[in-house]
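**Student:** next comes the sequence, and after it the predicted model I'd like to discuss.
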Amino acid sequence: MMRPIILLLALLGAALAARADVILGPVFRDGCVLQRDKPLRIFGQAAPGEKVSVSFRGETVAAALAPTGHWLAILSPAPASDQPADLVVQGRNTVTVRDVLVGDVWLCSGQSNMEMRVMQSARAEEEMAAAKHPLIRHFKLPHTVAEQPTRGVDGEWVTCSPATVGEFSAVAYYFARTVQAEVQVPIGLINSSWGGTQIESWMSEPTLRADPAYAEIQRRWQERLDGFPAAQAEYEQKLAAWTEASREAKAKGQPYTRRKPTRPEGAGSRWQPAGIYNAMIAPLVPASIRGVIWYQGESNAERFTEYRTLFPAMIRQWRADFAQGDLPFYFVQLANLERPRDATGEQWAWQREAQTEALKLPATGMAVTIDIGEADDIHPKNKQEVGRRLALLALNRSYGLARADEGPAVASVTREGAALRVAFRTAGELVARDPALPGFEIAGADGVYHAATARLDGTSVVLTAPAAPEPTSVRYAWHNNPSVSLFDTHGLPAAPFLTYPKSL
């Protein structure tokens, strides 16, 4: 009887010893990139009371250890270096992280258009064959949900090569490729993205509670939980029928193309408010990073009013979490897309407008993509240009390299009799890719919009419409899949807008 007990005690002792070992935060793995020119924050877990030290490039510092066992060591800022070095953490055990570079680290997050891989983008084979960029490295977090903020998550750093780049986030890779070519330092991409996710899943519980939409968010979540048993039962019936029909077709040598039923998602799914934040953002805190690029909003488009407050709140929260001041936050405005189920034809236009609320925060920028979407595909393949436009924002605003990074923006709207003059602020001259300048509409006091006759006049567009002889407002590209025609000499499009003359 003693042998099983002795074996059990031995196993428990081994488990406790393993738990006491020093472990590092998820991004400190072989091949990682550390953020240059900022205090290097290295963190992880150890047994309470354990002494932990961290050594890197000739410097050794003792870590501060919390009663919970979480430790943090802050090393001096290091300059960029493409020469690999070891990061050594010593405590009860010694952990050596090899092939460490120092450069710029960008957190790349959002839903499916951020997660979409290089192999799925335009000209994929050509792009992968040319992807010889050993100073670009990519870390992909697995899809995970948690009830409370967690510390650990799996993942590995992968060096960019023709053999590996196909699995990288396409937007993140094309962003990094453009930036790296200009700044010539290693670029680390932390890819924390998940298709079909709502912004409320990427925010912490306290931040959600402070938002006006919290009650409605919780109501929707509870409705999903309550309806899950019935949805699961219906799914199982449909799956059984689908499986049988598929089997019969196969037995007859016939193709079976009917789509497999989709499994419902309930507790522990990506729809859980704060769930993804807890498992896929919290473990990264408080790593030193250069900034964030973000591509999300499709799953919130039906609730664009909520997004106006949720999106800026998420940015403020992430900045507070990482505690590095106003971290640069550059995001993609939703591209053009037909929405057959949207009878108004304007749902995404309002969501795009909601996204612009974030521009009121400092150190933000928006990549406009209204001209490079695909009317029938929510996942447009031209991720090269999306990444490039995000990179222009970073190069100009984060790196100070004086690049034109946004298209024509409305400076003022004035009334001139029956016409409206829209003056633009632009880094170059206005360009009409279609001389008729489609996409502009004006309305009178009744609020009904009519297609406008438009003409360029220097850095202004002058608009008239016989049906609105006393115009009171103007909008441009204000549809899900609008006609767009106004660009600048740098090839960047004017963003959709809706505005009113200030003189009225």
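**Tutor:** Cool, the structure landed.

**Student:** list the contacts of F175.
**Tutor:** Counting by Cβ atoms under 8 Å, 6 or more residues apart in numbering, F175 touches W106, C108, I293, G387, R388, L390, A391, A394. Where you see a C-beta, it was placed from the backbone N, CA and C, and this is true even at glycine.

**Student:** please spell out the PyMOL selection for the buried subset of those.
**Tutor:** The buried residues among the contacts of F175 can be selected in PyMOL (16 or more other Cβ atoms under 10 Å) with this line:
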select buried, resi 106+108+293+387+388+390+391+394
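
**Student:** CSV for the contacts of F175, including secondary structure and pLDDT?
**Tutor:** Below are these laid out as CSV (DSSP: H, G, I helix; E, B strand; the rest coil; pLDDT from 0 to 100):
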residue, secondary structure, pLDDT
W106, strand, 98
C108, strand, 98
I293, strand, 98
G387, helix, 98
R388, helix, 98
L390, helix, 98
A391, helix, 98
A394, helix, 98
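
**Student:** quick check: of the contacts of F175, which lies closest to V410?
**Tutor:** Proximity of the contacts of F175 to V410 (Cβ to Cβ) peaks at L390, which lies at 22.0 Å.

**Student:** these two touch, right, P142 and G155?
**Tutor:** Yes. With contacts counted by Cβ atoms under 8 Å, P142 reaches G155, the gap being 6.7 Å.

**Student:** who has more neighbours, the two?
**Tutor:** Set P142 next to G155 and count neighbours by other Cβ atoms under 10 Å: G155 wins out with 18 against 11.

**Student:** show me where the stretch 251-400 of the chain has helices.
**Tutor:** Here the stretch 251-400 of the chain has its helices, by DSSP state H, counting those that start in this stretch, at 275-276, 304-322, 347-355, 383-393.

**Student:** tell me where the stretch 101-250 of the chain has strands.
**Tutor:** Here the stretch 101-250 of the chain has its strands, by DSSP state E, counting those that start in this stretch, at 136-140, 157-159, 187-193.

**Student:** swap that for the stretch 251-400 of the chain, sorry
**Tutor:** Taking DSSP E, counting those that start in this stretch as the test, the strands found in the stretch 251-400 of the chain are 291-295, 329-332, 364-367.

**Student:** of those, flag the one that's most buried.
**Tutor:** When the strands of the stretch 251-400 of the chain are scored by mean count of other Cβ atoms under 10 Å, the highest mean neighbour count falls to strand 291-295 (a mean of 26).

**Student:** elements contacting it?
**Tutor:** Applying 3 or more Cβ pairs under 8 Å, 6 or more residues apart in numbering; DSSP states H and E, one finds that strand 291-295 contacts strand 94-110, helix 112-115, helix 170-183, strand 329-332.

**Student:** I'd like the strands of the stretch 251-400 of the chain laid out as JSON lines, including distance to A163.
**Tutor:** Formatted as JSON lines, these follow (distance: least, Cβ to Cβ, whole Å):
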{"stretch": "strand 291-295", "distance to A163": "25"}
{"stretch": "strand 329-332", "distance to A163": "28"}
{"stretch": "strand 364-367", "distance to A163": "29"}
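
**Student:** hmm, back to that, can I get the strands of the stretch 101-250 of the chain in a markdown table with mean neighbour count and mean pLDDT?
**Tutor:** Formatted as a markdown table, the strands of the stretch 101-250 of the chain follow (neighbours: other Cβ atoms under 10 Å; pLDDT from 0 to 100):
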| stretch | mean neighbour count | mean pLDDT |
| --- | --- | --- |
| strand 136-140 | 25 | 98 |
| strand 157-159 | 19 | 98 |
| strand 187-193 | 26 | 98 |
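
**Student:** out of the contacts of F175, which is nearest to P283?
**Tutor:** Closest approach between the contacts of F175 and P283, by Cβ to Cβ: C108, at 15.5 Å.

**Student:** let me see the contact set for that closest one.
**Tutor:** When contacts are counted by Cβ under 8 Å, 6+ apart, C108 touches M114, S169, V171, A172, F175, L189, I190, N191, S192, S193, V292, I293.

**Student:** would you check how far apart it and A467 are?
**Tutor:** Taking Cβ to Cβ, to the nearest Å as the measure, C108 falls 46 Å from A467.

**Student:** ok, now P362?
**Tutor:** 42 Å.
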